[in-house]
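Engineer: I'll drop the sequence and a predicted model, then ask my questions.
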Amino acid sequence: MSEVRFDDRVAVVTGAGGGLGREYALLLASRGCKVVINDLGGAMDGTGAGTTAAERVVQEIKDAGGEAVPNYDSVADWEGASNIIKTAIDAYGKIDILVNNAGILRDKSFLKMEMEDYDKVIAVHLNGTFFCSKAAWPYLRDNNYGRIVSAASAAGVYGNFGQANYGAAKMGIVGLMHVLKQEGAKYNIMANVIVPIAGTRMTATVLPPNIVELLKPEYVAPMVAWACSENNTFSGYTFVAGAGYFSRTAFMEGPGVFLDPAQGITLEMIDENINKITSLEGAQTFGGATEQTGFALSKLNLG
Ligand code: NAI
């Protein structure tokens, strides 16, 4: 099997000063990729800032013989995001790969969550992913090449107590990547999602130390790096990775039932059919909204 390489490729990894982002950046750089190490360098709740985190990772990459430059902007505002991408253009003349990884946490029960906790988490995760992708997009389009991998979370895909802000932001990212898959298809831009499971500062407070040990961030990195590679022609996929486990999660739609509108559809008919309506037996995924609408319309006898 030939080695997966990133020679002559340029990547931006946001939030690469620690945790998962650092591992993604180290792996890409070790395979020849030039990497912009973005990190705001603040605390886990998004407060504060500093240059040390990004600088340290840049140094690690250089010490290992790789190429990297730091960037300390926040992904959470348009100017910052634009400057992150500009750092790649200024240093290396292009961008091929964007890993939207930066993140913060402000967990509270829904009842107690302040609007500020909502705004800040949406700003970093959802807006940050939107802004960085948008700033990179014209370059990817013009080069007819792009690989975007954005971090979602099981907290959004499946739900997690106390993470209403985070879960909402993360599923917004999944929706965004589904759209970018469609808009990027003819420009060779693949937009995918990673649902990581890893022991980092983000999970160290909720997971016992022995479990954190089994969930090394470096176990997630090969999935992300592969999705960033030329070998990857999948787009709109949500990959899951952690502890050596690799999989795909997706929205599935069951075959459902067809109730003929011409005959009238009542609440009682929904009541009678609810088990069939909710069954996922024989479920399928759709490549886009048009395909799904077409499936619904195909049930109608239009003849
Ligand atoms: P982490 O806290 O170790 O890393 C996040 C990095 O993002 C930090 O270095 C932080 O300084 C940086 N950052 C925060 N706000 C920023 C901003 N506005 N601009 C630029 N950089 C910023 O956390 P971890 O675990 O490595 O998380 C990475 C991503 O993976 C996050 O998006 C997280 O939500 C996601 N994730 C992690 C999981 C896990 O098991 N660790 C599970 C599911 C999702």
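Structural biologist: Structure's in. What do you need? Numbering: from 1, shown residues only.

Engineer: and the stretch 151-300 of the chain, which of its residues are near the ligand?
Structural biologist: Where the stretch 151-300 of the chain comes near the ligand, counting by CB under 6 Å from any ligand atom, the residues are 151, 153, 196, 197, 198, 200, 201, 202, 203. The C-beta positions use only the backbone N, C-alpha and C, and glycine is treated the same way.

Engineer: ranking the residues you listed by neighbours, who comes first?
Structural biologist: Neighbour tally across these (other CB atoms under 10 Å): the maximum, 27 neighbours, falls on residue 196.

Engineer: where do the helices sit along this structure?
Structural biologist: Shown for the chain, the helices assigned by DSSP state H span residues 19-30, 52-63, 78-92, 115-121, 128-143, 154-157, 164-184, 209-214, 221-227, 267-278, 289-298.

Engineer: Point out the most buried one among those helices.
Structural biologist: By mean neighbour count, with neighbours taken as mean count of other CB atoms under 10 Å, helix 19-30 ranks first of those at a mean of 26.

Engineer: most distant residue from the middle of the protein?
Structural biologist: residue 263 (44.2 Å; CA atoms, centre = their mean).

Engineer: That one and residue 186: what is the separation?
Structural biologist: As for residue 263, its distance to residue 186 is 42 Å (criterion: CB to CB, to the nearest Å).

Engineer: Next, the contact list for the residue lying closest to residue 281 once chain neighbours are set aside, please.
Structural biologist: Nearest in space to residue 281, with sequence neighbours left out and distances taken as CB to CB, 6 or more residues apart in numbering, is residue 254 at 6.8 Å. Applying CB atoms under 8 Å, 6 or more residues apart in numbering to residue 254 gives the contacts 277, 278, 279, 280, 281, 282, 283.

Engineer: tell me the contacts of the residue in the stretch 201-303 of the chain positioned nearest to the ligand?
Structural biologist: Nearest to the ligand in the stretch 201-303 of the chain, going by CB to the nearest ligand atom, is residue 202, at a distance of 3.6 Å. If you count contacts by CB under 8 Å, 6+ apart, residue 202 has them with 19, 44, 103, 105.
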